[in-house]
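Colleague: Below are the sequence and a predicted model; questions follow.
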Protein chains: 2
Amino acid sequence: MIQMVTPDAFQIHLQKLPRQDETAIETIYALGNGHFGVRASNPLQGNSSHYHGQPGMFVNGFYDLTALSYGENYSGYAQHSQTICQLPDPRFIIFEIDGIRSDETPFDIKVVDKNLDMKTGVLFEIFDIQSPSNKQFRLTMQSFASHADAHLFVINYSVSALNFTGPITIIKQHPYIDQQIQTSVDDMRAAQRDLTLDRTFIDSPIPTMLISTRKSQLALIVAQQALNENTMQPTIVDDLPSYSKTVDLTAGITQSFAFAYAISYPHQLLDTTLTQAEFANSAKQRLTDQSFNELLNASTAQLAQFWQSSDIDLQGDPTLAQGIRFNLFHLYQAAGNDGRTSIAAKGLTGPGYEGHFFWDAEMFMLPFFIYTQPKLAKQLLLYRYQTLPQARQRARELAVKNGVLFPWRTINGEEASSYYPAGTAQVHINADIAYAVDTYVRVTDDQDFLLQYGYEIIVQTARFWLAYGHWATDTAHAGKFVIDDVTGPDEYTAMVNNNYFTNRMAQNNLSIAVKYGKQLRHTHPEKLIALDVTTAEIDQFNRAADNMYLPFDTQRQIKMQDDVSTTKPLWPIKTTPRNQFPLLLHFHPMTIYHYQVNKQADTVMTDFLFPNDQSAQQLRRDFDYYEAITVHDSSLSRAIFGILAHRLHQSDEAYRYFMETVMMDLTNAQGNTGDGIHAANMGGSWLSLIYGFAGLGLEKDSLNLSPELPSEWTSLRFNIWFQNRQLAITITQSAISVKLLSGEPFHFYLNHQPVSLTSDRLISQLL
Amino acid sequence: MIQMVTPDAFQIHLQKLPRQDETAIETIYALGNGHFGVRASNPLQGNSSHYHGQPGMFVNGFYDLTALSYGENYSGYAQHSQTICQLPDPRFIIFEIDGIRSDETPFDIKVVDKNLDMKTGVLFEIFDIQSPSNKQFRLTMQSFASHADAHLFVINYSVSALNFTGPITIIKQHPYIDQQIQTSVDDMRAAQRDLTLDRTFIDSPIPTMLISTRKSQLALIVAQQALNENTMQPTIVDDLPSYSKTVDLTAGITQSFAFAYAISYPHQLLDTTLTQAEFANSAKQRLTDQSFNELLNASTAQLAQFWQSSDIDLQGDPTLAQGIRFNLFHLYQAAGNDGRTSIAAKGLTGPGYEGHFFWDAEMFMLPFFIYTQPKLAKQLLLYRYQTLPQARQRARELAVKNGVLFPWRTINGEEASSYYPAGTAQVHINADIAYAVDTYVRVTDDQDFLLQYGYEIIVQTARFWLAYGHWATDTAHAGKFVIDDVTGPDEYTAMVNNNYFTNRMAQNNLSIAVKYGKQLRHTHPEKLIALDVTTAEIDQFNRAADNMYLPFDTQRQIKMQDDVSTTKPLWPIKTTPRNQFPLLLHFHPMTIYHYQVNKQADTVMTDFLFPNDQSAQQLRRDFDYYEAITVHDSSLSRAIFGILAHRLHQSDEAYRYFMETVMMDLTNAQGNTGDGIHAANMGGSWLSLIYGFAGLGLEKDSLNLSPELPSEWTSLRFNIWFQNRQLAITITQSAISVKLLSGEPFHFYLNHQPVSLTSDRLISQLL
């Protein structure tokens, strides 16, 4: 097979990782391509009870519903949870030696090595296996999720004897789908979900089955094909369509078997245009005529394009450099690219958070894609656009007569949160999505997207604020626009009035509705008519934005998290035993809400998102106050504090936060990587580097770079796309250079001073 | 049988009621004695699906548990619901004519008449029944729950032919207990509970069975005995212990069969001192040697004592006069008197609210018992005392390190509320119970109760406030004691800071802890030592009480429901369609909380409970403001507004509220009487009359009467107990007389002027 010549910084070697439990390893080495993800489990286990991992495949958008029950049910409560399905593991294989089958009697299996090559996307693994009859053999696997064909997962199994000569049979079949019992272990508040998947075998030249869900009525086709079909033909084993072959293992001889595994997009089971017969028909083709190497080369070529646009080359700290690439690689593996899916909190690597999409996608992960993979970023925003009807319905369920309300957590666009104070009440999701649309449009200058999709999102979310907020008449807020009964990002405080983050983000949402409304009034007045946006409404947006109430503690001179946040007693963080964290698993909400204690960055998120809002002194006060009351029980917290520490020139602290952010999953720092990656945190590591250390930001109608590297680093190199041009940026301790790789010359800012990239297409400047 | 000579005002005649649905009739005519309650259902239906009523018996304290499930579960959430069991109907009977059994093939049954005699407690009913073979006969039933022996329910069935001569068989057996599926229809938020009861027949001379619950592991014995055993012997029918007899019906001849039905107290099923064998042994006796008439006479005599102490004789409005007695009778039927039970929101008349005890018991019903049945009142308070261990545990679950927190809704003393913002967060329950203890002690002068039980309740609840509240440091509340994150009585506003009602009641709780603490320091210092009450702690109580923050809207000059209540927009009550009420069934909590709208009396409850707190002008402003935003979606609301309207001399309005209060269940005004009576509202009708129109209240160390009758009434007569003396009070339009029926002369107040009852034991005074 192919030789690995990839430098170390693109490889994740098991031996170089801190010792992990098996499920964390399964997550770290999970492979995916935005359409599906496969955990790197022991290939013998399938659904067997002999082994202890958590094998499975997750397909973006393939979920089932379970009824949510409430001790007390109220109108407008989410009635169904949506749970991503844990599907059969395509890596599953059965060995038979001396009449003993590994799926019936456990074979001893030992992991000898694992290595993920992020340049090729290949996971290379060596297992030493021993049959109950003491025959030892070595299994070497190479697996990858194709980045050239979203449907394909490809595996090569190579087997060589270690202590015997004789026959071994390999059987490759779809493992049984039993009753799936899924618990989102990372989200221990969630109830266990019992989902039952049905499977139907489809008459096909290759083993093909249709998997369907019972309540969501979704269907998926999976099929597997041996790539060396001249030596291996489909057959029936145990009444199941399978491949099976017996070979003689002789010392020094390695037998190899390669398979392609195809996974369709999810469809409505009863979609009349896509009946089971058509599914069957579509499966009657071979999956591919290409060899393992041909498939790999195509995928690697596509991946090379990803790295060309998205790589970050950090010199001076090899551990960090590798960790960053690991995060970027996983982000890419996680991101739905079909316009009907987004990025789940755990990517496609585990069952945590039930596979739901949160604000994480827009606020923590999308910036990376906007600047480096703008086409993919557009697909992610299109997902939200596609779910506008559900969001409109949701607003009506809350008796909000105008606009839309996006769900706090969802797969299909409907609200799936069963605890509204830390779910639906996080109405800031609306403004988060609008913020992302604005960022996308400003960075890409994709006016077509704005016109066709983006402005509708911005206007409909802005309308929600006008309807949900109100003009205050009480003395404390007189003449201001206030927004009551919301929950900000910090879920340790709920259902408050005038959450700073929410109000500031709503203000931005209203402002950009005005900004683009005025623009479209000139360029595309028909769009405003189509959306029923009148001059009067734009004036209302404008007035609410201008008069948005932003709570401020005049005594402490800090932004106040909400109208009363600083009046509460402080949670005794230092004297709370470590095993009582995360607090939400150990204390009643009434107890937690009773104190000043933040789960994660909340008010300071606005210091981060709106850097021009405040002076350095204000940032200092906000940072110091909120850092002292934040326990970082959310993985979304540290990246933001790290970026702000950097802005405040607290280098050591910024570096510490950054290290914790980058290395969270590789070191299983939260202890729950086994349930899936912390995708938003991975996005946060990009934010930390590029928004933080490189100081990238939008400024006027262009961008600004205000770089400042930690003293440990020698250089930082990365490319970005900005308004249809690609820039290569190199930052060292003493200088920055910006090179225009493609597109038209333009002007931008370095440390807020205007500079121009002209015909020589390169600027270098001492810092 | 006995002749009825009771005056109309003690009778509830079906013909005189507005037309009701069947289940409401079952509730209105339900019989009980505090230990059990039996709905007045069609006696043929048992658990048959042929009929449409909701037959059943409810035993106070006999409940099962069901696991509560949450989409997101948090530490400290109630894990089990407690649901009162709907037990087999003791009135159930089977007729067999021409080989056709009424439990297998429906017999046509028509209600001819129903009359409840509240003097005797007898429900008299006439049914005309027709068999599928067209044989018509009349069934006359007399039933009563014994007030002399809490275990007994007694029934006489009389049968006479209407259109035939011939045999009829009556079979009296325990109906099957099927899977019970209960939905608390009045509490539509609650999930359906599936309870399974088990039954075991016990070897006994009379048909006896043990009913047991599966999760709470409670057991109950029920047994039935024919009272005319010379003509009817136990036998086996369908393998079930039964009575059965075939008689010939001849024109003009009536055949009668009387039964006593005994219901034990609930016990722990596995209580080693009370095994099934002992149950069996205890059931091996005949239940009684008395005849129907003897049993009835004993019960009636006991009931006479109730009426002697508790009757209210209102002259001038016969409908009201009857309605009041109906309410008092039902209150008495509902009240647990074993020290281990209390009064459920629906009494023992239906499954609504799952049979839970709420603050209703102490705040709406207990005053009636304190003033007219002080021994019973003591039993009700003892129930709370018995559950102090659970309340202590609950406080710890909320990380409150000192004191206790009583559950918002419960049977067994543990919290059963599954929606904490409208459940556990109503921590005012603590102060409500303390207020009731104080009232009981002041009215009865039961110093022994105070010492043994009452002070412990008062101190432990007071301690909760010190631990849950805190000393404010913010400008708005500086130097004040504040209580955040609570819900007041108004469940349309939740999780607020400084709910006026809660803070005022907590202040009272702390004050009485100080008052009695100082008293006991002199009389029983050992009690303070036993409870670990130090002088320092009493000082803390005192300081918190003195500095309790009570929010006030200086602009509107009204008591503010909480720190921000008046800043919210007003709910458009007038334009909300009638079918959208109650709001809680039609709107998401986030929507409801977003507005100023009250489910029920909240802040004005303090105007009611603490009449000396405010001037008439203040009361006027509070009343006007809060009445305008109150929708009375709770049945606890109107009585309070009525009393306050009376105090404000708004006679018409007071009278309208009072009529609605008194007649709520007799007219099924809320439409859900079928699920059970509105017991708290019935208590509210007593409050309206006695606290309202008679103007009874505590004043200094005695009582005050400030009577003012509606112009429609000619007189109001009632007795009360006050500090070991019984008073007979007669109020007319022009005068009041107070007669000392027993006990020592004393001084009290009339219209706040001191008067003395001396040796002539009668005071009459013009008003």
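Modeller: Alright, I've got the coordinates.

Colleague: The residue of the stretch 51-200 of chain A found nearest chain B: what's it in contact with?
Modeller: Nearest to chain B, among the residues of the stretch 51-200 of chain A, is residue A:71, at 2.0 Å (CB to the nearest CB). All C-beta spots, glycine's among them, are computed from the backbone N, C-alpha and C. Residue A:71 makes contacts with B:68-70, B:78, B:81, B:190-191, B:417-419, as judged by CB atoms under 8 Å, 6 or more residues apart in numbering or on different chains.

Colleague: Let me know the closest of the residues you listed to chain A.
Modeller: residue B:418 (2.0 Å).

Colleague: helix, strand or coil for the closest one?
Modeller: coil (DSSP: H, G, I helix; E, B strand; the rest coil).

Colleague: That one contacts residue B:79, doesn't it?
Modeller: No - counting by CB atoms under 8 Å, residue B:418 stays clear of residue B:79, with 9.3 Å between them.

Colleague: so what's in contact with the two at the same time?
Modeller: With CB under 8 Å, 6+ apart as the test, residue B:418 and residue B:79 both reach residue B:68.

Colleague: Please identify which of those two sits among more neighbours.
Modeller: residue B:418 (25 against 15; other CB atoms under 10 Å in any protein chain shown).

Colleague: Check the closest residue to the more buried one other than its chain neighbours and give its pLDDT.
Modeller: In this structure, residue B:418 finds its nearest non-sequential neighbour in residue A:71, 2.0 Å apart by CB to CB, 6 or more residues apart in numbering or on different chains. Looking at residue A:71, its pLDDT is 81.

Colleague: same thing with residue A:682?
Modeller: pLDDT, residue A:682: 97.

Colleague: The closest residue to it other than its chain neighbours: what's it in contact with?
Modeller: Leaving aside its sequence neighbours, residue A:682 sits nearest to residue A:327 (CB to CB, 6+ apart; 3.8 Å). Applying CB under 8 Å, 6+ apart, we find residue A:327 in contact with A:662, A:665, A:682-683, A:685-686.

Colleague: Likewise for residue A:745?
Modeller: A:756-759, A:761.

Colleague: Looking at the residues you listed, which is nearest chain B?
Modeller: Nearest to chain B among the contacts of residue A:745, with distances taken as CB to the nearest CB, is residue A:757, at 49.8 Å.

Colleague: Can you name the residues bridging to the closest one?
Modeller: In this entry, residue A:757 is beta-bridged to residue A:746, by DSSP bridges.

Colleague: What about it, how many residues nearby?
Modeller: If we define neighbours as other CB under 10 Å, then residue A:757 has 19 of them.

Colleague: isn't it right next to residue A:750, touching?
Modeller: No - using CB under 8 Å, residue A:757 makes no contact with residue A:750, being 10.8 Å away.

Colleague: Spit out the residues that contact these two alike.
Modeller: Common neighbours of residue A:757 and residue A:750 (CB under 8 Å, 6+ apart) are A:738, A:763.

Colleague: Now residue A:371: phi and psi?
Modeller: phi -80, psi -20 (degrees, to the nearest 10).

Colleague: Give me the nearest residue to it, chain neighbours excluded.
Modeller: Closest to residue A:371 by CB to CB, 6+ apart is residue A:720, at 4.3 Å.

Colleague: Next, that neighbour: secondary structure please.
Modeller: Assignment for residue A:720 (three-state DSSP): strand.

Colleague: So which of the contacts of residue A:327 belong to helices?
Modeller: A:662, A:682-683, A:685-686 (DSSP state H).

Colleague: Okay, and the beta partners of the residue nearest to residue A:371?
Modeller: residue A:727.

Colleague: separation between residue A:429 and residue A:357?
Modeller: Distance of residue A:429 to residue A:357, computed by CB to CB, to the nearest Å: 10 Å.

Colleague: Apologies, that question was intended for residue A:639.
Modeller: 19 Å.

Colleague: Check residue A:27 too.
Modeller: 19 Å.

Colleague: Pretty sure residue A:550 sits against residue A:500.
Modeller: Yes - between residue A:550 and residue A:500 there is a contact at 6.0 Å, judged by CB under 8 Å.

Colleague: Which residues are in contact with each of these two?
Modeller: With CB under 8 Å, 6+ apart, residue A:550 and residue A:500 have common neighbours residue A:559.

Colleague: Comparing those two, which residue is more hemmed in?
Modeller: Neighbour count, other CB under 10 Å: between residue A:550 and residue A:500, residue A:500 has more, with 26 against 15.

Colleague: From residue A:644, how far off is the spatially closest residue to that one that is not a sequence neighbour?
Modeller: Nearest residue to residue A:500, sequence neighbours excluded (CB to CB, 6+ apart): residue A:603, at 4.6 Å. Residue A:603 sits 11 Å away from residue A:644, taking CB to CB as the criterion.

Colleague: Run a quick neighbour tally on the nearest residue to residue A:744 once chain neighbours are set aside.
Modeller: In space, and not counting its chain neighbours, residue A:744 is closest to residue A:725: 6.1 Å by CB to CB, 6+ apart. Neighbour count of residue A:725, defined by other CB under 10 Å: 17.

Colleague: Isn't residue A:725 up against residue A:742?
Modeller: Yes - in this structure, residue A:725 is within contact of residue A:742 by CB under 8 Å, at 6.0 Å.

Colleague: buried residues in the lengthiest helix in chain A?
Modeller: As assigned by DSSP H, the longest helix anywhere in chain A is helix A:500-523. The neighbour-count check on helix A:500-523 (16 or more other CB atoms under 10 Å in any protein chain shown) flags A:500-517, A:520 as buried.

Colleague: what's it packed up against?
Modeller: Counting contacts by 3 or more CB pairs under 8 Å, 6 or more residues apart in numbering or on different chains; DSSP states H and E, helix A:500-523 packs against helix A:428-444, helix A:455-468, helix A:525-530, helix A:535-546, helix A:603-609.

Colleague: a markdown table for those helices, including mean pLDDT?
Modeller: What follows is the helices and strands packed on helix A:500-523, written out as a markdown table (pLDDT from 0 to 100):
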| stretch | mean pLDDT |
| --- | --- |
| helix A:428-444 | 98 |
| helix A:455-468 | 98 |
| helix A:525-530 | 97 |
| helix A:535-546 | 98 |
| helix A:603-609 | 97 |
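
Colleague: Of all those, which one comes closest to residue B:375?
Modeller: helix A:455-468 (54.7 Å; CB to CB).

Colleague: Name the residues that touch that closest one?
Modeller: Contacts of helix A:455-468 (CB under 8 Å, 6+ apart): A:381, A:384-385, A:388, A:391-392, A:395, A:400-406, A:427, A:430-431, A:433-434, A:437-438, A:483, A:506, A:509-510, A:512-513, A:516-517, A:520, A:527, A:531, A:533, A:537, A:540-541, A:544, B:594.

Colleague: Now the buried members of those.
Modeller: A:381, A:384-385, A:388, A:391-392, A:395, A:400, A:402-406, A:427, A:430-431, A:433-434, A:437-438, A:483, A:506, A:509-510, A:512-513, A:516-517, A:520, A:527, A:531, A:533, A:537, A:540-541, A:544, B:594.

Colleague: which residues of chain A score low on pLDDT?
Modeller: A:1-7, A:46-50, A:176-192, A:229-230, A:271-285 (pLDDT under 70).

Colleague: Which parts of it belong to which domain?
Modeller: If you go by automatic domain parsing, the domain ranges for chain A are A:8-304, A:715-766.

Colleague: follow-up on the earlier one: neighbour count for the ones in helices among the contacts of residue A:327 - can I get that in JSON lines?
Modeller: As requested, the ones in helices among the contacts of residue A:327 are arranged in JSON lines below (neighbours: other CB atoms under 10 Å in any protein chain shown):
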{"residue": "A:662", "neighbour count": "30"}
{"residue": "A:682", "neighbour count": "30"}
{"residue": "A:683", "neighbour count": "29"}
{"residue": "A:685", "neighbour count": "31"}
{"residue": "A:686", "neighbour count": "27"}
